[in-house]
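Student: Take this sequence and fold it.
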Amino acid sequence: MKDKIIDIIAESIGIDREDLDITADLDIEYDMDSTEKADLARILEKEFKIEIERSSKDTWNTASDIISFIQDIAGH
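Tutor: Prediction:
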């Protein structure tokens with residue numbers, strides 16, 4: 001699951017998977033704004049058949065945060 005999440009995040013940012021630093025701040029390092037995070041959330045919802053609360057995206061500072069969140073909510 002982690003690898004799939006990383007692939008989705010990297011694709012959303014527009015970089016190669018190998019270039020994604022999962023500990024880097026998404027806003028600062030990758031210039032990811034709230035609209036892009038909302039788009040990413042929609043993709044993740046479809047891929048993992050989950051529902052993501054709007055406020056949950058506010059806690060997504062790094063790719064690692066997203067990975068942990070999705071794994072927790074999806075029960076993995």
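Student: Surely Lys57 and Leu44 touch.
Tutor: No: counting by Cβ atoms under 8 Å, Lys57 does not reach Leu44; the two are 10.0 Å apart. Using the backbone N, CA and C atoms, a C-beta is placed for each residue, glycine as well.
Student: count of residues packed around Glu51?
Tutor: 9 (other Cβ atoms under 10 Å).
Student: same check, this time on Asp7
Tutor: For Asp7, the count of nearby residues is 13 (other Cβ under 10 Å).
Student: Tell me the buried residues in the helix or strand containing Ile67?
Tutor: Assessed by DSSP states H and E, Ile67 sits inside helix 63-74. Neighbour-count burial for helix 63-74 flags Ala63, Ser64, Asp65, Ile66, Ile67, Phe69, Ile70, Ile73 (criterion: 16 or more other Cβ atoms under 10 Å).
Student: List the contacts of the third one.
Tutor: Same thing as Asp65. Residues in contact with Asp65, defined by Cβ atoms under 8 Å, 6 or more residues apart in numbering, are Thr59.
Student: let's go with 10 Å and repeat that
Tutor: By Cβ atoms under 10 Å, 6 or more residues apart in numbering, Asp65 lies in contact with Ile22, Thr23, Asp25, Leu26, Lys57, Thr59.
Student: again with the first one
Tutor: The neighbourhood of Ala63, defined by Cβ under 10 Å, 6+ apart, consists of 5-6, 8-10, 12-13, 20-26, 29-30, 32.
Student: Next one: His76, what pLDDT does it get?
Tutor: With respect to pLDDT, His76 scores 64.
Student: For the longest helix seen in the chain, enumerate the helices and strands it packs against.
Tutor: Using DSSP state H, we find that the single longest helix of the chain is helix 34-48. Secondary-structure packing of helix 34-48 (3 or more Cβ pairs under 10 Å, 6 or more residues apart in numbering; DSSP states H and E): helix 2-13, helix 26-30, helix 63-74.
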